[in-house]
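J.: got a sequence here, can you build the structure:
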Amino acid sequence: MESKSYMVQMNGNGVHSNSVHSFNINGDIYSAKMKIHKKRWNIRASEMSKNTLNPIRAIVDGMKLSPNPDKAMIALSIGDPTVFGNLPTDEKVLQAMKDAMDSHKYNGYAPSVGYQKSREAVANFYCSPEAPLEADDVILTSGCSQAIELAISVLCNPGNNILVPCPGFSLYKTLAVSLGIEIKHYNLLPEKSWEIDLQNLESLIDEKTACLVVNNPSNPCGSVYSKEHLQDILAVASRHCIPILADEIYGDMVFPEHTFYSMAPLTNDVPILSCGGLAKRWLVPGWRMGWILIHDRNQAFGQEIREGLVKLSQRILGACTIVQGALEAILNSTPQEFYQDTIGFLKSNSEICFSALSSIPGLNPVRPSGAMYLMVGIEMENFPEFENDVDFTEHLVTEQSVFCLPATAFEYPNYFRIVVTVPEDMMVEACSRIREFCQLHYRPCNQESNDLDQ
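T.: Okay, here's the model as predicted:
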């Protein structure tokens, strides 16, 4: 009769490393040694996380930024108007927040889409006869960034594509690619104050195009589109039945000789999700209050898109309740002088910067019309020491302690972006340093060829 006996060897950690099986058959003993492998941890990052990339962070983090120790750093790269403290928000806005906090009414959870009263306040503020709004047409979000994320997520499936401006705000790509959505860049024309190349835009549309993103006023360009140009853009969307995501976070932040036109009142048929918030116009980006305005007079979105936005808003209860509680007072009580003072400062700084840089050989700034930005072209062929705009701006930091964001971060090489929210004396000093830098490194092509001929 066969008999079996088992001997188990344990390693020093008490983990089975192997076992020895002994078999007694007809008086003979046979042994077989079998290895038992320990189960290993196998935790991997998700595909979504792997596909998430912020181009600005990827480029800036890879730059060798070692400022000149003899010169104080001037950062013209951060799109936050509060950094230097020279653009404070209005006292009535601050008081509205204090009142909301002192009321003790807004310490709990709000509905995922926001308090009804707060949504009504936003609807009333942006409502017009051409584009009426009700509370149910408003979704409150954690900043305009979440508004953009919800809009892309509700309109697109993996495998779809969206049309985004080039140069354009990098978040569109960050969000879309992480969701498996293809990005198609349509060209903006610097020689036409960054108007959209409509022929190029229309050539990119196919059966998988789910959304057209229009950013007006623009980050990074500081451009403001005319009514006629916006109508031409809407005509393209109408012909191809493409909904529009209108990123209007800088709405009404335009210089006096220009006018901001929201897209929704200019169309009777194109459905639009307009994204905005308090961050820029009210100078409170850290308060994280944004919104989506649903414009759908012909019911092209239907109930499905509205329900989709509500469901997506339930993933994270995002919009700050204290700010929601203050929202009605913020929208209704902020004096016009506050907006005018902010715009006046931005225009003045923009003109100082544009005028100074226009006179520097090798640089070609494009005059802005609003927002907080100015784009500057670099004649790279006349700066042969540098490989590209990243190299150029990196050396500008090293030598002059002035940091401008290379426009490669916006898919637009050989430019850099300047933020014009710094105090005026810093803007003047920064432009002076940029001039000194360019004078040192500028080598016009024709001069080099002439030198070779001699």
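
J.: please report how far Asn160 lies from Ala176.
T.: Per CB to CB, to the nearest Å, Asn160 is found 9 Å from Ala176. (Glycine included, C-beta is placed from N, CA and C.)

J.: pick out whichever of these two has more residues nearby.
T.: When neighbours are counted by other CB atoms under 10 Å, Asn160 and Ala176 differ, and Ala176 comes out ahead with 26 against 18.

J.: which residues touch the spatially most central residue of the chain?
T.: The chain has Leu171 as the residue nearest its centroid, 3.4 Å off, counting by CA atoms, centre = their mean. If a contact means CB atoms under 8 Å, 6 or more residues apart in numbering, then Leu171 has Asn54, Ser145, Ile148 as its contacts.

J.: now do Pro243
T.: By CB under 8 Å, 6+ apart, the contact list for Pro243 reads Leu155, Ala210, Cys211, Leu212, Ala237, Val270, Pro271, Ile272, Leu273, Ala300, Phe301.

J.: now which of those residues would you call buried?
T.: Leu155, Ala210, Cys211, Leu212, Ala237, Val270, Pro271, Ile272, Leu273, Phe301 (16 or more other CB atoms under 10 Å).

J.: just these now: which is nearest Lys105?
T.: The shortest gap between Lys105 and any of the buried ones among the contacts of Pro243 belongs to Leu273, at 29.8 Å (CB to CB).

J.: residues in contact with Arg40?
T.: Arg40 sits in contact with no residue, where contact means CB under 8 Å, 6+ apart.

J.: if you count neighbours, what's buried in the top helix by length along the chain?
T.: Among the elements of type helix in the chain, defined by DSSP state H, the one spanning the most residues is helix 336-358. Applying a neighbour-count criterion of 16+ other CB under 10 Å, one finds 338, 342-343, 345-347, 349-350, 352-354, 356-357 buried in helix 336-358.

J.: which of the contacts of Leu171 fall in helices?
T.: When the contacts of Leu171 are checked against helices (DSSP H), the matches are Ser145, Ile148.

J.: ok, the contacts of Leu171 vs Thr89, which is closest?
T.: For these, the minimum distance to Thr89 (CB to CB) is 19.4 Å, reached by Ser145.

J.: OK, contacts around the closest one?
T.: Leu171, Gly290.

J.: apply 10 Å and report the result again.
T.: With contacts defined as CB atoms under 10 Å, 6 or more residues apart in numbering, the neighbours of Ser145 are Phe169, Leu171, Thr174, Leu175, Ile249, Cys275, Gly277, Ala279, Pro285, Arg288, Gly290, Gly318.

J.: report the contact partners of Asn68.
T.: Applying CB under 10 Å, 6+ apart to Asn68 gives the contacts Leu396, Val397, Thr398, Glu399, Gln400, Ser401, Val402, Arg433.

J.: and the first one, backbone torsions?
T.: This points to Leu396. phi -60, psi -40 (degrees, to the nearest 10).

J.: what subset of the contacts of Ser145 is buried?
T.: Buried members of these, counted by 16+ other CB under 10 Å: Phe169, Leu171, Thr174, Leu175, Ile249, Cys275, Gly277, Ala279, Pro285, Arg288, Gly290, Gly318.

J.: ok so the fifth one is a strand residue?
T.: So the one you mean is Ile249. No - with the criterion set as DSSP: H, G, I helix; E, B strand; the rest coil, the secondary structure at Ile249 is coil rather than a strand.

J.: just checking, it touches Phe260?
T.: No - the pair Ile249 and Phe260 does not pass the contact test of CB atoms under 10 Å, sitting 11.7 Å apart.

J.: shared neighbours of those two, anything?
T.: Pro217.

J.: re the thing from before, among the contacts of Asn68, which ones are in helices?
T.: Counting by DSSP H, the contacts of Asn68 contribute Leu396, Val397, Thr398, Glu399, Gln400, Arg433 to helices.

J.: kindly reformat those residues as CSV containing pLDDT and distance to Lys98.
T.: Below are the ones in helices among the contacts of Asn68 laid out as CSV (pLDDT from 0 to 100; distance: CB to CB, whole Å):
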residue, pLDDT, distance to Lys98
Leu396, 97, 42
Val397, 96, 40
Thr398, 96, 44
Glu399, 96, 46
Gln400, 97, 42
Arg433, 98, 41
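
J.: in CSV: those residues, plus neighbour count and distance to Ile196.
T.: Output for the ones in helices among the contacts of Asn68, formatted as CSV (neighbours: other CB atoms under 10 Å; distance: CB to CB, whole Å):
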residue, neighbour count, distance to Ile196
Leu396, 24, 30
Val397, 21, 32
Thr398, 15, 36
Glu399, 16, 36
Gln400, 23, 34
Arg433, 18, 34
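
J.: and which of those residues is nearest Lys311?
T.: Relative to Lys311, the closest of those is Val397; by CB to CB it sits at 45.1 Å.

J.: follow-up on the earlier one: which members of the buried ones among the contacts of Pro243 occur in helices, if any?
T.: For those, the ones inside helices are Leu155, Ala237, with DSSP H as the criterion.

J.: neighbours of Asn298, just the number please.
T.: Close neighbours of Asn298, defined as other CB under 10 Å, add up to 11.

J.: same question for the one 5 residues further on.
T.: Using other CB under 10 Å as the criterion, Gln303 is surrounded by 8 other residues.

J.: give me phi/psi at it?
T.: When read as degrees, to the nearest 10, the backbone of Gln303 gives phi -70, psi -30.

J.: OK, contacts around it?
T.: With contact set as CB under 10 Å, 6+ apart, Gln303 has no partners.

J.: look at Ile183 and give its secondary structure.
T.: Each residue gets one of three states, and Ile183 gets strand by three-state DSSP.

J.: returning to that earlier point: same list, the ones in helices among the contacts of Asn68, but as JSON lines with distance to Arg443 please.
T.: Converted to JSON lines, the ones in helices among the contacts of Asn68 look like this (distance: CB to CB, whole Å):
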{"residue": "Leu396", "distance to Arg443": "16"}
{"residue": "Val397", "distance to Arg443": "21"}
{"residue": "Thr398", "distance to Arg443": "19"}
{"residue": "Glu399", "distance to Arg443": "16"}
{"residue": "Gln400", "distance to Arg443": "18"}
{"residue": "Arg433", "distance to Arg443": "19"}
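
J.: out of these, who's nearest Tyr115?
T.: Nearest to Tyr115, judged by CB to CB, of those is Val397 at 44.8 Å.
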